[in-house]
Each structure stands twice: as structure tokens, then as C-alpha cells.
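Novice: Got a predicted structure here, sequence first:
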Amino acid sequence: MKQKPQITLTDIAKKLNISKVAVSKALRDHSDISIKTKTRVKKMAVELGYVPNYIARNLSAKKSNTIGLVVPKIAHHFFAEAIEAIYETAYQNNYEIIMTVSQENTEHEQKHIETLLAMRVDGLLVSTTEQTDDSFVFEKVRQQGVPMVFFDRVINGIGFNCITTEDRKGSYKALKYLIKSGYTKIAHLAGYQSTNIGLNRAIGFKDAMKESGLSVKSNWFIEGGIAEIDGYEGFKRMYETGSLPEVVFTVTFPVALGVLQAAKEKKLSIPGDLDLLCFGGSGYNSFLQPSISYIKQPIREIGSTATNLVIEQIQSPKESVRRNIKLPTELVICDTCKEKD
């Protein structure tokens, strides 16, 4: 099917016998244009099927009222809820979100950021891939003077605002609860130590173990990704050593799901033969048998705080102060990891 020619400001101007400038101002509710003319122009725009060319507008205007969003995935409880909060906060402040998904691929991430910069977005919200370790593309963002805020997965030390949870403290408090509840043989399926969430959650785990005089066995600390397959394969590796812990602490909820599946295949009962605790939860956790005890993150607050911060940078760049905000977590005990009798 052949695409119809796009209706332009010139087409509307010819129909109404007024200037193109007048049409443009009328559609933007400029005070120079009378209410009567604005009404005529808007009515004609609807009749002709006019759609604003935002890219062209952004090239000529100083502001586009758009914010670029780069996330590693969307089929994920954390990001689904964070994205919803980001959209709501942006809409309330008269900004549109242009979202891209890197699919945990660093090349995609770089290309998305470059594309968003070319589209003249006013600011950027970025949660990096689990493999991101090169700051080159972010230096390009800085050179262009575009405000940017990292959220959840961040790169520290390169001068951008960051919004995260208290990953280290949250892990530490959860491990202290386990130890106080009588658990001493504790394993950790960790995230990559090159990522802030993988590193800080592992440090919290190690701090609590060391402080309590408990050793971390090498085959009970397995570094990897943060998806279901990583939990599945990580637990199978642990199982094959012939030595199992009392409880496995996972870096994310999806990793815990992988452990559940692997344990089921090995005919292990959770929480009977093995207990399970994870960082982060999910809306459908309550439907699981057993439901997994977890460290709750303030997901909506992360999304809204990051969005408000980038808007503040856009609107008041000279007054904006660089910040590294860490939001508190909460330990939620479900069917697993209950205190021992």
C-alpha cells in the first residue's frame, strides 16, 4: 500500500489562505494569534490529518520536551514497574518518553544512545546492560551537554547523577537476618562484579558473613548473569560439587526462579531441603509455591526520582547539583527462610 504524502504546515496555510508562520503559531497556542484563528487552524489540521514532525521541530527549537530512555529489558518486573513510573512522572511534567531496549547488548546500548542524541532529546535516563564497562558513549553525552541520569544499573565515577537502592546495605541486613535465624551454610549466586548491583550486593553478603565469623566457600560463591538461566546453571554447578548449603541468596529474583527450576529437577524440596532468598521481588511471587522471601526495592520511587532529577537538570542546569541517591530496601519474609525453631 502506497503511503500518502504527509500533510505540512504549508498545506494548512494554503487551505486557510494565511501564512505558514501563523499556522505554526496557532498550533503552538502562541499569544500572537487570535482564538478564532487558532480554532480554524486546529480544525483544518484535524480534517487534513496533520501530524507534527517532531524531529524537524526539534532541529529548529531549543527544547523538544522529550526524554530518551534506555533499558536493558522490559520483560522484567523491575523494569516494567520502573518504566511505568517514568512515563507517569514525565507526562505530569509535560514530557514525552522515547524508549529503547538494549536487550543486554552493549552495542545496541551505544547505538540507542547515539540515535536519541541525534533526535535531540532534552535528557537521557539510562540503566546499563549487565556487561557495560566502557564509558565512551557516555563521554559523548557529556560533550554534547545533554543531562543524563543513571538508574538501578549505573556507572559510578564519570560525573553523572545516579539513582540506586542500598544494594550493599540491603544484602548485609538480609544476611544478618539469615544468620540470626540460625543459618550458617549460605551460598551466593552473584551478578557480574563489573556491575554496581553485582558488586555491591556481593560485598554486603561477604561483609555479613565475615562479621559473623562465617567463611564463604569458593564453590558456594558463583559469579554470573542476572537472568533465570544464570540461576539454573549456577545451581546445577553447585549441586554437582556434592556439597549444598542450607540457603542460597541470589542477586535477582529471576536468578532465584532459575534455582527453583533446577532444584525441582534434582528432586530437592524448597524450603525443606534448601532455602532461598533473593534481591528484588515480583508481582507474581505470591502465586509461587513456595513464595520466595526477598529484599524489596522501592521501584516506583527509583523511576520517579530519576525522571524528576533529569527534568530538574534540563530546566535548571546551572542550579543542578550532582547527586548519588541510594534508596532504602525492606526485607520481606514469605514461605522461605523463616526463623529456625
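Specialist: Structure received. Numbers count the residues shown, from 1 in each chain.
Novice: Just the pLDDT at residue 283, thanks.
Specialist: Looking at residue 283, its pLDDT stands at 86.
Novice: List phi and psi for the nearest residue to it once chain neighbours are set aside.
Specialist: Excluding its sequence neighbours, the residue lying closest to residue 283 (CB to CB, 6 or more residues apart in numbering) is residue 77, at 6.1 Å. Placement of C-beta: from N, CA and C, glycine included. In terms of degrees, to the nearest 10, the main-chain angles of residue 77 are phi -60, psi -50.
Novice: What distance do you get for the residue nearest to residue 6 when sequence neighbours are not counted to residue 42?
Specialist: With CB to CB, 6+ apart as the measure, residue 51 is the residue that lies nearest to residue 6, at 7.0 Å, once sequence neighbours are left out. Counting by CB to CB, to the nearest Å, the gap from residue 51 to residue 42 is 13 Å.
Novice: Of those two, which one has the most company?
Specialist: residue 42 (16 against 9; other CB atoms under 10 Å).
Novice: Now the strand or helix carrying the more buried one: buried residues?
Specialist: Assigned by DSSP states H and E, residue 42 falls within helix 35-48. By 16 or more other CB atoms under 10 Å, the buried positions in helix 35-48 come out as 37, 38, 40, 41, 42, 44, 45.
Novice: Please identify the one among these that lies nearest to residue 316.
Specialist: The closest of those to residue 316 turns out to be residue 38 (CB to CB; 30.6 Å).
Novice: Looking at that closest one now. What's its pLDDT?
Specialist: 91.
Novice: still on that earlier bit, the residue nearest to residue 6 belongs to a strand, doesn't it?
Specialist: No - according to DSSP: H, G, I helix; E, B strand; the rest coil, residue 51 belongs to no strand; its state is coil.
Novice: doesn't residue 5 make contact with it?
Specialist: No - counting by CB atoms under 8 Å, no contact exists between residue 51 and residue 5, whose distance comes to 11.9 Å.
Novice: Stretch 282-291 spans what distance, first to last residue?
Specialist: End-to-end distance of stretch 282-291 (CA to CA, to the nearest Å): 10 Å.
Novice: gap between it and the chain center?
Specialist: A distance of 22 Å separates the centroid of the chain from that of stretch 282-291, by CA atoms, centre = their mean, to the nearest Å.
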